[in-house]
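Q: take this sequence and fold it.
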Amino acid sequence: MIKTAALLVLLISISVVAALLYGRHARMEDRLLSVLPNAAASDPALVRFAADEAAPVYAKHCASCHGADMRGRSDLGAPNLVDAVSLYGSGDVYDIERTVLYGIRSGESKGRDITSMPAFGLTGVLSSAQIQSVVEYVLQLSGRAFQPAPAADGRELFLGAAGCFDCHGPDGRGNTDYGAPDLTANVWNSGGDRQALFNAIYNGQRHIMPGWRRALSLVEIRALAVYLHEASHPPQTEMKLAGEP
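A: Predicted coordinates:
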């Protein structure tokens with residue numbers, strides 16, 4: 001009888017604790033969805049909750065393309081998610097959430113699909129020699145070693161016949177409305193060496209990210225957005241320490 005009573009008390013205690021934990025979890029889910037997306041990033045408790053919720057979701061659905069370390073895969077054109085460079089929008093929680101919800105060139109009506117990188121070589125718009133000149137100019141824009149004479153020719157093509165400026169801007173700083181990368185940031189989704197840049201210009205770029213609104217819950221998507229925002233916006237103290245000798 002004593003053992004049975006003790007076991008009953010233990011089971012009741014476990015049930016009470018489980019109910020309390022479930023109740024707390026449900027309340028945190030409600031809080032996460034009840035605030036505006038960007039406000040969630042300012043609430044430490046919600047940030048911690050989002051990280052706990054999102055980590056396994058990211059590992060299951062996102063890591064295969066963006067890497068377990070979130071640093072992307074150039075062979076897939078999947079961007080690094082831990083740098084501060086945003087391809088679409090400002091990189092805040094709202095913009096990340098929209099991308100996760102609807103995807104990029106996903107076929108979703110609200111997906112990000114304004115333009116793609118044309119295949120300048122395949123379509124005969126530029127010759128291989130001209131593309132090599134544009135590559136040298138892109139290297140110059142990104143602050144790396146370049147060949148001056150070809151780069152000068154590449155600049156003329158960039159601002160003229162090739163029309164690169166139309167998406168990337170006359171200063172090469174890109175356009176986050178279009179998803180046109182900032183060429184001065186020296187951040188490359190598909191690789192930044194000469195051959196990779198040549199391939200991107202010759203063959204064009206049209207990478208696809210699925211929209212997750214049908215596969216994931218709204219809580220999972222909001223948690224992912226907060227989680228990815230935090231990964232790309234480390235605390236200022238950590239950033240300063242990382243940059244100090």
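
Q: wait, what's in contact with the residue nearest the centre of the chain?
A: By C-alpha atoms, centre = their mean, the chain has its centre lying nearest to L81, at 4.5 Å. Contacts for L81 (C-beta atoms under 8 Å, 6 or more residues apart in numbering) come out as 66, 70-72, 228, 231-232. Glycine gets a C-beta too; all of them are placed from N, C-alpha and C.

Q: filter the residues you listed to the buried ones?
A: 66, 70, 72, 228, 231-232 (16 or more other C-beta atoms under 10 Å).

Q: just these: which are in helices?
A: Among the buried ones among the contacts of L81, the ones falling in helices (DSSP state H) are 66, 228, 231-232.

Q: of the residues you listed, closest to G172?
A: The shortest approach to G172 among those belongs to S232, at 22.0 Å (C-beta to C-beta).

Q: G121 and I201 touch, don't they?
A: Yes: the criterion here is C-beta atoms under 8 Å, and G121 meets it with I201 at 6.7 Å.

Q: looks like L216 contacts Y58 (just checking).
A: No: counting by C-beta under 8 Å, L216 sits too far from Y58 to count as a contact (10.7 Å).

Q: next, show the common contact partners of the two.
A: Common neighbours of L216 and Y58 (C-beta under 8 Å, 6+ apart) are L224.

Q: which of these two has more neighbours?
A: A direct count of neighbours by other C-beta atoms under 10 Å for L216 and Y58 places Y58 higher, at 21 against 18.

Q: tell me which element the more buried one falls in.
A: According to DSSP states H and E, Y58 maps onto helix 44-61.

Q: immediately after the helix or strand hosting E136, which helix or strand?
A: Taking DSSP H and E as the criterion, E136 maps to helix 128-141. Toward the C-terminal end, the helix or strand that comes next after helix 128-141 (DSSP H and E) is helix 148-159.

Q: what's that following helix packed up against?
A: Applying 3 or more C-beta pairs under 8 Å, 6 or more residues apart in numbering; DSSP states H and E, we find helix 148-159 packed against helix 128-141, helix 165-168.

Q: pLDDT on the shortest one, on average?
A: The one in question is helix 165-168. Mean pLDDT, helix 165-168: 96.

Q: in that helix, what's buried?
A: Going by 16+ other C-beta under 10 Å, helix 165-168 has these buried residues: 167-168.

Q: what does it contact?
A: The contact list for helix 165-168 (C-beta under 8 Å, 6+ apart) reads 115, 117, 158-159, 174-175, 178, 180-183.

Q: of those residues, buried ones?
A: 117, 158, 174-175, 178, 180-183.

Q: just flag the most distant two among the residues you listed.
A: Using C-beta to C-beta, the buried ones among the contacts of helix 165-168 reach their maximum pairwise distance at F158 and Y178, which is 16.0 Å.

Q: just give me the closest of the contacts of L81 to D193.
A: Using C-beta to C-beta, those come closest to D193 at G72, 15.4 Å.
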